[in-house]
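Visitor: pasting the structure only:
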């Protein structure tokens, strides 16, 4: 195995393109086309499911063992819930996030007559009009509205313009990369994950690095609403590594400058052996890493297991400060995770017996056990 060099220009160029494509869960067709075209350029075969998830395949070796790396294309967003009498829009969130981070955002409303631009504002937005009352508006989706960049002062104006309940609303990502390597943007979760996985695969192709067993790249489209990998994962996949954000916050052990290995999330522990294999790859190759436990978090691993897949799963995270809000990460974290994915794809199967789906105890692993002390009665 070799630690591959990641092309930063490719990584950040791909990420910027992804961030500028609206893709709230349920409105992901355009980002699917973009990623599909990039896979075609890299000469990686893939299929697109009925709803739009992508399953690409990296060939490797003669073994029938199959692994997967999963990332998600969908982001947070919202949907029009009501056309208000004042000519503005009420929203319902897509995904789990606070309206606190919607306030002030520039958005696009996708109507059947075409897109409109607007701004999300609290119901009392003018200090000149409401004075100190602007500081007492509750934080909830019931207390914000969209001011549309269109002549609309009534519900009739909205209807005439083509607005409907159920129109999708995307939030501008507003990406910024600082000279010292920080990336600030909405939707780094999980478009940064998509970009770094593509960068890892691009590097493997560029340097003609062989992988020992076939691998799927799974690009899911509904992770933010909890069902991402439930259908796109093949039943014969023995192990899967999910790449997603690692939450940097007080009480967490994630950080923005290396790899974070998830030990457990809200859905339960990740696979003991696959997780420690990834830790070993970091340790043996000088990749900075930390471990973390996520309490209010689940990933495509959960949807895959809940769908009935007998697959070992692990979670690799790039550090994100302010997740599901005003997000920030650092280039060193993205590059480190991309390098780890490159090493993982080069590594042998965690357990060769897993390709059978079900077998005898021969080859089934052990976990560390305590010494049993005999107590005479």
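Guide: Thanks, I have it. Please read all numbers here as calculations on a predicted model, not as lab measurements. Residues are numbered from 1 along each chain as shown.
Visitor: any low-confidence regions in the stretch 201-350 of the chain?
Guide: Within the stretch 201-350 of the chain, no stretch has pLDDT under 70.
Visitor: all strands for it, in order.
Guide: 215-220, 239-248, 259-265, 268-269, 289-293, 312-321, 327-330 (DSSP state E, counting those that start in this stretch).
Visitor: and the ones you listed as a markdown table, adding distance to residue 283 and mean neighbour count?
Guide: For glycine as for every other residue, the C-beta is placed from the backbone atoms N, C-alpha and C. As requested, these are arranged in a markdown table below (distance: least, CB to CB, whole Å; neighbours: other CB atoms under 10 Å):
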| stretch | distance to residue 283 | mean neighbour count |
| --- | --- | --- |
| strand 215-220 | 22 | 27 |
| strand 239-248 | 17 | 27 |
| strand 259-265 | 11 | 23 |
| strand 268-269 | 20 | 10 |
| strand 289-293 | 8 | 17 |
| strand 312-321 | 14 | 27 |
| strand 327-330 | 21 | 23 |
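Visitor: just so I know, which of those lies nearest residue 345?
Guide: strand 215-220 (5.6 Å; CB to CB).
Visitor: which one of the strands of the stretch 201-350 of the chain lies closest to residue 20?
Guide: Minimum separation from residue 20 across these (CB to CB) falls at strand 327-330, 15.3 Å.
Visitor: got a list of contacts for that closest one?
Guide: The set of residues that contact strand 327-330 without belonging to it, under CB atoms under 8 Å, 6 or more residues apart in numbering, is 181-189, 192, 245, 256-257, 318-322.
Visitor: PyMOL command to pick out the buried ones of these?
Guide: In PyMOL, selecting the buried portion of these, with burial taken from 16 or more other CB atoms under 10 Å, looks like this:
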select buried, resi 181+183+184+185+186+187+188+189+192+245+256+257+318+319+320+321+322
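Visitor: What about the contacts of strand 327-330, which are in helices?
Guide: Among the contacts of strand 327-330, the subset assigned to helices under DSSP state H consists of 188-189, 192.
Visitor: So which other helices or strands are in contact with whatever helix or strand residue 156 lives in?
Guide: Residue 156 is part of helix 155-161 when elements are defined by DSSP states H and E. Based on contacts counted as 3 or more CB pairs under 8 Å, 6 or more residues apart in numbering; DSSP states H and E, the elements that helix 155-161 packs against are strand 77-83.
Visitor: Any buried residues in stretch 59-69, and which?
Guide: By neighbour count on 16+ other CB under 10 Å, the buried set for stretch 59-69 is 60, 65-69.
Visitor: Hmm, I typed the wrong one, I wanted stretch 276-283.
Guide: With the criterion 16+ other CB under 10 Å, stretch 276-283 contains buried residues 276-279, 281-282.
Visitor: returning to that earlier point: farthest-apart pair in the buried residues of stretch 59-69, please.
Guide: Greatest spacing in those, by CB to CB: 65 and 69 (14.5 Å).
Visitor: Distance-wise, check the most centrally placed residue in the chain relative to residue 27.
Guide: The residue lying closest to the centre of the chain (CA atoms, centre = their mean) is residue 190, at 2.7 Å. With the distance defined as CB to CB, to the nearest Å, residue 190 ends up 16 Å from residue 27.
Visitor: Kindly report the same for residue 339.
Guide: With the distance defined as CB to CB, residue 339 ends up 32 Å from residue 27.
Visitor: Verify the stated contact: residue 266 with residue 293.
Guide: No - distance between residue 266 and residue 293: 9.9 Å, which falls outside the contact criterion (CB atoms under 8 Å).
Visitor: hmm, back to that, ok, so of the buried residues of stretch 276-283, who is nearest residue 202?
Guide: Proximity to residue 202 was ranked across the buried residues of stretch 276-283 by CB to CB; first place goes to residue 281, at 19.6 Å.
Visitor: So that closest one is in contact with residue 347, correct?
Guide: Yes - contact between residue 281 and residue 347 holds when scored by CB under 8 Å: they sit 6.7 Å apart.
Visitor: quick one on the thing from earlier: any chance of TSV for the ones in helices among the contacts of strand 327-330, columns pLDDT and distance to residue 298?
Guide: Below are these laid out as TSV (pLDDT from 0 to 100; distance: CB to CB, whole Å):
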residue	pLDDT	distance to residue 298
188	98	18
189	96	12
192	98	18
